[in-house]
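> Take a look and give me a structure for this.
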Amino acid sequence: MQEHGGDIYSNEGLVDFSANINPLGPGEKVMKALKKSLENVTAYPDPKCRALREAVAKREATVPEHIICGNGAADLIYTMVLAEKPKRALLCTPSFSEYEKALRTVDCQIRFHERKEEEGFALTRRYLDELTEDLDMIFLCSPDNPTGQCVEESLLLEIVETCEKKKIRLVLDECFLDFTEDGPWTHHELLIRENRMLFLLRAFTKMFSIPGVRSGYGVCSDTGLLERMQKSRQPWAVSVPAQAAGRAALADDLLPAVTRQLIAEERCHIMGEFTRMGIRYYPASANYILFYSEIDFYEEMKQEGFLIRDCRNYRGLGKGYYRIAVKGREDNDKLLRAFGRIIERRKEETSWQSQS
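As a prediction, this is how the structure comes out:
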């Protein structure tokens, strides 16, 4: 079974709906920057990512000293854990598996907060009761992967305040925030100044469709933490092309705006068709949708020429849960027609069996 989405190497020839990447591609500015950067690959990359950190700081209304860049968000997750070496952590289920895998590398004791299916997998105020002073670190993802749920703003502010008071490191993964309709107006980086325990995690991978380049960053006012993170890894963590792509992405406001409109329309279209077909899904705010079915859609979709994400290996989910990315109308309709064919075949098989 696939451990993550995007495994096109084991599934050649399939249309990939398993990875949540911008269907519009990287955009002209990023592609130009990547091509131009190849002229400089004979030099080592700047180990301090100075130009990229300055560009990020300008976008995030902070100072470069509060920025750390990485080889994608996953690099920063592992670097953070290695630098902090937490002894006790709290994770939500279901959520991104790399949080747990990173914590296991330092033998951290992990508690799990179960988000309930009957509540749409939303984070509720029950979570606050689990923020005890013996914790060293928590990870939250908003919008969450794979559920697409955002943490409600007032609850998030309470969590930030609680973590600051109890000295719990809060890693807030917002790698999909740009796809949400509220993304441009959400400025959690403003919380950084007053909350040293808060670490914002962001990446260019999803919105700018460059998972093969690997480029992301973190925002935190605890400069001591950022220094420890820098010392916990090899010096050239972010390549020349990755730094160039990141700077170009920060200068492109048009692609995110167009993408948000597209994703909002297409997500609504898919959910409407799912309702019509009787597929149980969970309303999302991001560029992917989690759904449940007793039909083995993973294998059935492969037969139809599509790769979707089988979510059974997410802690807290199991067999029957799947995730699809939201793409453009033409690709989405092709996928939806495949869903329709599979459902019709299942109805015919059930009818035939009942008559036998």
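
> what stretches of this protein score poorly on pLDDT?
1-9, 351-356 (pLDDT under 70).

> the domain parsing of it - what is it?
15-20+254-355, 28-250 (automatic domain parsing).

> Make JSON lines from the ones you listed and add mean neighbour count to it.
Yep, even glycine has a C-beta here, placed from its N, CA and C like the rest. Below are those laid out as JSON lines (neighbours: other Cβ atoms under 10 Å):
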{"stretch": "domain 15-20+254-355", "mean neighbour count": "18"}
{"stretch": "domain 28-250", "mean neighbour count": "19"}
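
> how about the helices of the stretch 151-300 of the chain, start to end?
153-166, 223-231, 240-250, 254-277, 297-304 (DSSP state H, counting those that start in this stretch).

> Redo those helices as a markdown table? Include distance to A55.
Output for these, formatted as a markdown table (distance: least, Cβ to Cβ, whole Å):
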| stretch | distance to A55 |
| --- | --- |
| helix 153-166 | 26 |
| helix 223-231 | 17 |
| helix 240-250 | 5 |
| helix 254-277 | 15 |
| helix 297-304 | 40 |
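
> Nearest to K206, out of those?
helix 254-277 (9.8 Å; Cβ to Cβ).

> P184: what's it in contact with?
Going by Cβ atoms under 8 Å, 6 or more residues apart in numbering, P184 touches P256, A257, R260.

> Turn the residues you listed into JSON lines, columns for distance to P283.
Listed next are the contacts of P184 as JSON lines, based on distance: Cβ to Cβ, whole Å:
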{"residue": "P256", "distance to P283": "22"}
{"residue": "A257", "distance to P283": "23"}
{"residue": "R260", "distance to P283": "17"}
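
> quick check, nearest of those residues to A51?
So of the contacts of P184, ranked by how close each gets to A51 (Cβ to Cβ), first place is P256, at 20.9 Å.

> I figured that closest one hits F204, correct?
No. In this structure P256 lies outside contact range of F204 using Cβ atoms under 8 Å: 10.7 Å.

> so how far is S239 from L82?
According to Cβ to Cβ, to the nearest Å, L82 stands 20 Å off from S239.

> before we move on, back to that, out of the helices of the stretch 151-300 of the chain, which is closest to K35?
helix 240-250 (9.1 Å).

> In terms of secondary structure, what does the closest one contact?
Here helix 240-250 touches helix 28-37, helix 50-59, going by 3 or more Cβ pairs under 8 Å, 6 or more residues apart in numbering; DSSP states H and E.

> Mind giving me the packing neighbours of the first one?
In this structure, helix 28-37 makes packing contacts with helix 240-250, judged by 3+ Cβ pairs under 8 Å, 6+ apart.

> which one is L131 nearest to, not counting chain neighbours?
Nearest residue to L131, sequence neighbours excluded (Cβ to Cβ, 6 or more residues apart in numbering): T162, at 4.9 Å.

> can you give me the strands in the stretch 101-250 of the chain?
Using DSSP state E, counting those that start in this stretch, the strands found in the stretch 101-250 of the chain span residues 109-114, 137-141, 169-173, 198-203, 216-219.

> need those strands in a markdown table with distance to R125, can you?
Listed next are the strands of the stretch 101-250 of the chain as a markdown table, based on distance: least, Cβ to Cβ, whole Å:
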| stretch | distance to R125 |
| --- | --- |
| strand 109-114 | 12 |
| strand 137-141 | 14 |
| strand 169-173 | 16 |
| strand 198-203 | 19 |
| strand 216-219 | 26 |
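
> Quick one: closest of the ones you listed to E130.
By Cβ to Cβ (comparing all of those), the closest turns out to be strand 109-114, at 5.4 Å.

> Scan the protein for its longest helix.
helix 329-355 (DSSP state H).

> Run the chain-centre distance for that helix.
30 Å (Cα atoms, centre = their mean, to the nearest Å).
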